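*Asks:* Coordinates only, no sequence provided:
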């Protein structure tokens, strides 16, 4: 039995009862969070464009676009909700980029169409996410194609979304294998597009393609049956790692589950590469009670030249999300990073541009810390005008919102309310989606949102 067949067998045979309660809890938190992020993302220009595009396409009224209550085809709903869910870069991350936005909008659209329960969605979500995490772990993706410019959300997310949708549709092993085969050929997305509307489109297309692959497989559409292990299949061609023991990785699926350790809820609506640095600088500002006017200069120390932090001097709001210098400057000026940090007006604000001139980024030698190792965090140094030098380093694995430093459901709910308040007239939707495993009909959630829309 090859790796692809073993993965398909695991997808089909794994049940809700097999999933650890902690994995369900973490999955629920991320999916709850994403609903709010989708609604907030709908207020962005990219949200307007993708919704209008879907409206022009038309389609059967099968599934709901959350921000407007309009119904469209299941693939269009997955495309639009997925794109809006990544518009702010405020969705969770960890493992293969942004797992939840690559999977859950597809399940929402498909689940509404087939009358699924929230429990069905949680089962399918965890199964799909585990497949993505397993391939990421087995292929060392972030030391392979990520650094060559492929966006992991769009690459591994295609496999994860297809696996999740296959599970939700209750496909058999052969059909699931075909869905994975199609998803392997659909995988694509390059990091050059970070800082543009195409990055969130990556997530939308991933969700659309996951639905399409599973639905086509259900109808008997065929694909290669060894997409993971074949010499010219997904792994060898896209990842390029010929020495990975994929069969071993397939055998270890769910042993243990990884979801409960991998996912991180975002506190800041910007690239996750900023978050350790932001935790540090905002923590120092609270502890030592200083502000922008007190700062002489600041330094960010990176252990390597980042693949994703592309812009030292960003000219647009979207590019600002991928600029460590801008995030540091904005945090020092405002004492926070919020949705309105990323506007074209804020990018050119005099106090922010003044502070950016005093922020320095230094890439350390790989031997600087001794033994050839690199930093597990992003050390920062803030020099105040009174001569004090303040330093801090937050490990990447311990940022606020990680499983090592959880934010807590009450705080996640606060973020949710702030986000949905941009679109909804009342907050009764929170009760409808706070515990997904208790939702009796996915369509009821769409109805609850439709009934409280501001516009």
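*Replies:* Happy to help now that I have it. A quick note: this is a predicted structure, and the numbers were derived from the prediction, not measured.
*Asks:* can you pull the contacts of the spatially most central residue of the chain?
*Replies:* Among the residues of the chain, the one closest to the centroid is residue 98, at 2.1 Å (Cα atoms, centre = their mean). Neighbour list for residue 98: 86, 91, 92, 153, 157, 203 [criterion: Cβ atoms under 8 Å, 6 or more residues apart in numbering]. (Each C-beta comes from the backbone N, C-alpha and C, glycine too.)
*Asks:* what about residue 25, helix or strand, and which?
*Replies:* helix 21-41 (DSSP states H and E).
*Asks:* So, low pLDDT: which residues of the stretch 51-200 of the chain?
*Replies:* Residue ranges of the stretch 51-200 of the chain with pLDDT under 70: 142-145.
*Asks:* what about the strands in it?
*Replies:* Applying DSSP state E, counting those that start in this stretch to the stretch 51-200 of the chain gives strands spanning 63-64, 71-72.
*Asks:* Equivalent analysis for the stretch 251-400 of the chain, please.
*Replies:* Counting by DSSP E, counting those that start in this stretch, the strands of the stretch 251-400 of the chain are 295-302, 359-363, 380-384, 389-392.
*Asks:* Compare those strands and report which one is nearest to residue 3.
*Replies:* strand 295-302 (35.4 Å; Cβ to Cβ).
*Asks:* For the closest one, list every residue counted as buried.
*Replies:* For strand 295-302, the neighbour count (16 or more other Cβ atoms under 10 Å) marks 295, 298, 299, 300, 301, 302 as buried.
*Asks:* what would those look like in a markdown table with pLDDT and distance to residue 44?
*Replies:* A markdown table is the format used below for the buried residues of strand 295-302 (pLDDT from 0 to 100; distance: Cβ to Cβ, whole Å):
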| residue | pLDDT | distance to residue 44 |
| --- | --- | --- |
| 295 | 98 | 30 |
| 298 | 97 | 29 |
| 299 | 96 | 32 |
| 300 | 93 | 27 |
| 301 | 89 | 32 |
| 302 | 80 | 28 |
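*Asks:* who are the neighbours in contact with the closest residue to residue 280 other than its chain neighbours?
*Replies:* Once flanking residues are discounted, residue 280 sits nearest to residue 392: 4.0 Å by Cβ to Cβ, 6 or more residues apart in numbering. For residue 392, the contacting residues are 280, 281, 283, 284, 379, 380, by Cβ under 8 Å, 6+ apart.
*Asks:* Return the item of these having minimum pLDDT.
*Replies:* pLDDT across those is lowest for residue 379, at 91.
*Asks:* What is the burial count for residue 56?
*Replies:* When neighbours are counted by other Cβ atoms under 10 Å, residue 56 registers 7.
*Asks:* still on that earlier bit, distance of the residue nearest to the centre of the chain relative to residue 330?
*Replies:* Distance, residue 98 to residue 330, using Cβ to Cβ, to the nearest Å: 22 Å.
*Asks:* now swap in residue 403 and tell me
*Replies:* 27 Å.
*Asks:* Who has more neighbours out of these two?
*Replies:* residue 330 (27 against 17).
*Asks:* if I pick the residue nearest to that one when sequence neighbours are not counted, what's in contact with it?
*Replies:* Spatial nearest neighbour of residue 330, excluding adjacent residues (Cβ to Cβ, 6+ apart): residue 341 at 5.0 Å. For residue 341, the contact set (Cβ under 8 Å, 6+ apart) comprises 269, 270, 320, 330, 334.
*Asks:* any idea of the pLDDT on the fourth one?
*Replies:* It refers to residue 330. pLDDT at residue 330 comes out at 98.
*Asks:* domains of this protein?
*Replies:* Using automatic domain parsing, the domains assigned to the chain come out as 3-267+406-450, 272-398.
*Asks:* what about the stretch 301-450 of the chain, any weak spots by pLDDT?
*Replies:* For the stretch 301-450 of the chain (pLDDT under 70), the answer is 304-305, 365-376.
*Asks:* try it again with 80
*Replies:* The model of the stretch 301-450 of the chain has pLDDT under 80 over residues 303-306, 364-377, 426-428.
*Asks:* can you list contacts of stretch 25-32?
*Replies:* 92, 99-100, 104, 121-122, 125-126, 129, 259-260, 263, 265, 403, 409, 412-413, 416, 433-437.
*Asks:* I meant to write stretch 49-67 there.
*Replies:* By Cβ under 8 Å, 6+ apart, the list of residues contacting stretch 49-67 from outside reads 35, 38-39, 42-43, 47, 68, 70-81, 83-84, 108-110, 112-113, 197, 201, 204, 423, 446, 449-450, 453.
*Asks:* Restricted to buried residues, select the contacts of residue 392 in ChimeraX.
*Replies:* Buried residues among the contacts of residue 392 (16+ other Cβ under 10 Å), as a ChimeraX selection:
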select :280,281,284,379,380
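*Asks:* Let me know the closest of the contacts of residue 392 to residue 214.
*Replies:* For the contacts of residue 392, the residue nearest residue 214 by Cβ to Cβ is residue 280; the value is 42.3 Å.
*Asks:* Surely that closest one is in contact with residue 396?
*Replies:* No: at 11.3 Å, residue 280 does not count as touching residue 396 under the criterion of Cβ atoms under 8 Å.
*Asks:* Mind jotting down where the helices sit in the stretch 151-300 of the chain?
*Replies:* 152-168, 173-186, 198-218, 234, 246-251, 259-262, 275-288 (DSSP state H, counting those that start in this stretch).
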